[in-house]
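> coordinates only, sequence not included:
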């Protein structure tokens, strides 16, 4: 028996090829993906139901670096910060995927697990349901923006005579993205704690 | 004298065409842009120096809705919140442009004006130069993430039996992106104020 001339299709191989297209071109189409995999679009449809399911395979890939705590009863700021750090690092591997994922409703197991865990942590910390949703939404914005920033050039501003003294002095301290992320994350969680405490 | 069969090229027309390509495909190439404008790539180079300059034209377009306060001496949280709101709304018009812009160092007049103004506001509020840079970086992450979120579907989670009770209860309060943005912005600025005060 001869071997097939190319490896068999699988959701994993489809996701890897779609991710390569997104990294190179910022998007993928089903015909473009079929061409890259050297199969017909109808062969693809034997493995995935369509573009939506492929987007969810990509979301699962982007989130694959997020490990979740087993315990949702400890200090909420510590638990949420832990998830936020892993979420940023995991998404920063695929910056061009971010606007594609945010444009589609979440529908993958790993994403549901993360949002369920966050909601449990905040509920256990006696957040109101509305504050839980606000916190998850605000955290999502901050972390996805920070993931884009992590993939950005180390010198985000060109040297220019348009940089005035106050900005020049700030820039001279040196951009440290990890430090700025921790500063913002701590500030966000501290500020949320203050807002939520005033309503408890 | 006959009229030219197509309008004359200008940086503005080039930016509008590049923006349309990014909105549709997530990116643009100089040859693709020339094709869309029905000119040769060399005609483009009579008006712009290359891809980098086109990216800066797009950044100027994305920032065109950001009006800056004249006064940088008032309450810093009020002034920064005003800029952050305008920045989010202005960028949310072009969500697919965001990863393209964050991948390139800032080099456009309007962007320099915004960052100069933010640095002046924070310097006047007696932030250290390092805290000024941290604050600008964290704010950038939050606002760009929120701009992506604003362009996302109104129901960011699919109805699913994978939604557990704590998340279901939170979702039942109804996602309100404007409210979540204001909640996060206030929390971030409150938390930054607390951190910076402890060092003043």
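Sure thing, it's come through. In this text, all values refer to a predicted model and were calculated from it rather than measured experimentally. Numbers count the residues shown, from 1 in each chain, chains lettered A, B, ... in the order given.

> how about stretch A:182-198: buried residues?
Applying a neighbour-count criterion of 16 or more other CB atoms under 10 Å in any protein chain shown, the buried positions in stretch A:182-198 are A:183-193, A:195-196. Where you see a C-beta, it was placed from the backbone N, CA and C, and this is true even at glycine.

> and that stretch, is it in reach of chain B?
Yes - Stretch A:182-198 is in contact with chain B by CB under 8 Å from any CB of the partner chain, via A:183-184, A:186-192, A:194-195.

> give me the contact list for that stretch.
By CB atoms under 8 Å, 6 or more residues apart in numbering or on different chains, the surrounding residues in contact with stretch A:182-198 are A:77, A:80-81, A:84-85, A:125, A:127-128, A:131, A:135, A:138-139, A:142, A:146, B:131, B:134-135, B:137-139, B:141-142, B:183-184, B:186-192, B:194-195.

> in helices, which of these fall?
Those of those mapping onto helices are A:77, A:80-81, A:84-85, A:131, A:135, A:138-139, A:142, A:146, B:131, B:134-135, B:137-139, B:141-142, B:183-184, B:186-192, B:194-195, per DSSP state H.

> I'd say residue A:67 and residue A:86 touch.
Yes - Residue A:67 is within contact range of residue A:86, at 6.0 Å (criterion: CB atoms under 8 Å).

> neighbour count: these two, which is higher?
residue A:86 (18 against 11; other CB atoms under 10 Å in any protein chain shown).

> ok, the more buried one touching residue A:62?
No - using CB under 8 Å, residue A:86 is not in contact with residue A:62, being 11.8 Å away.

> per-residue pLDDT, residue A:161?
Note on residue A:161: pLDDT of 85.

> ok, residue A:184 next?
If you check residue A:184, the pLDDT there is 98.

> ok, residue A:104 - contacts?
So, once contact is read as CB under 8 Å, 6+ apart, residue A:104 ends up touching A:52, A:55-56, A:59, B:153.

> filter those to the buried ones?
When those are checked for burial by 16+ other CB under 10 Å, the buried set is A:55-56, A:59.

> can you lay out those residues as CSV showing distance to residue B:42, secondary structure and pLDDT?
Formatted as CSV, these follow (distance: CB to CB, whole Å; DSSP: H, G, I helix; E, B strand; the rest coil; pLDDT from 0 to 100):
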residue, distance to residue B:42, secondary structure, pLDDT
A:55, 39, helix, 93
A:56, 44, helix, 92
A:59, 42, helix, 92
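
> may I see those arranged in JSON lines, with distance to chain B as well?
Conversion of the buried ones among the contacts of residue A:104 to JSON lines gives the following (distance: CB to the nearest CB, whole Å):
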{"residue": "A:55", "distance to chain B": "12"}
{"residue": "A:56", "distance to chain B": "9"}
{"residue": "A:59", "distance to chain B": "12"}
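
> next, residue A:158: phi, psi?
phi -70, psi 140 (degrees, to the nearest 10).

> quick one: residues contacting the closest residue to it other than its chain neighbours.
In this structure, residue A:158 finds its nearest non-sequential neighbour in residue B:107, 4.3 Å apart by CB to CB, 6 or more residues apart in numbering or on different chains. For residue B:107, the contacting residues are A:157-158, A:160, B:52, B:56, by CB under 8 Å, 6+ apart.

> shouldn't residue A:64 be within a strand?
No - under DSSP: H, G, I helix; E, B strand; the rest coil, residue A:64 falls outside any strand and is assigned coil.

> how about the contacts made by the closest residue to it other than its chain neighbours?
Spatial nearest neighbour of residue A:64, excluding adjacent residues (CB to CB, 6+ apart): residue A:90 at 6.7 Å. Residue A:90 makes contacts with A:62-66, as judged by CB under 8 Å, 6+ apart.
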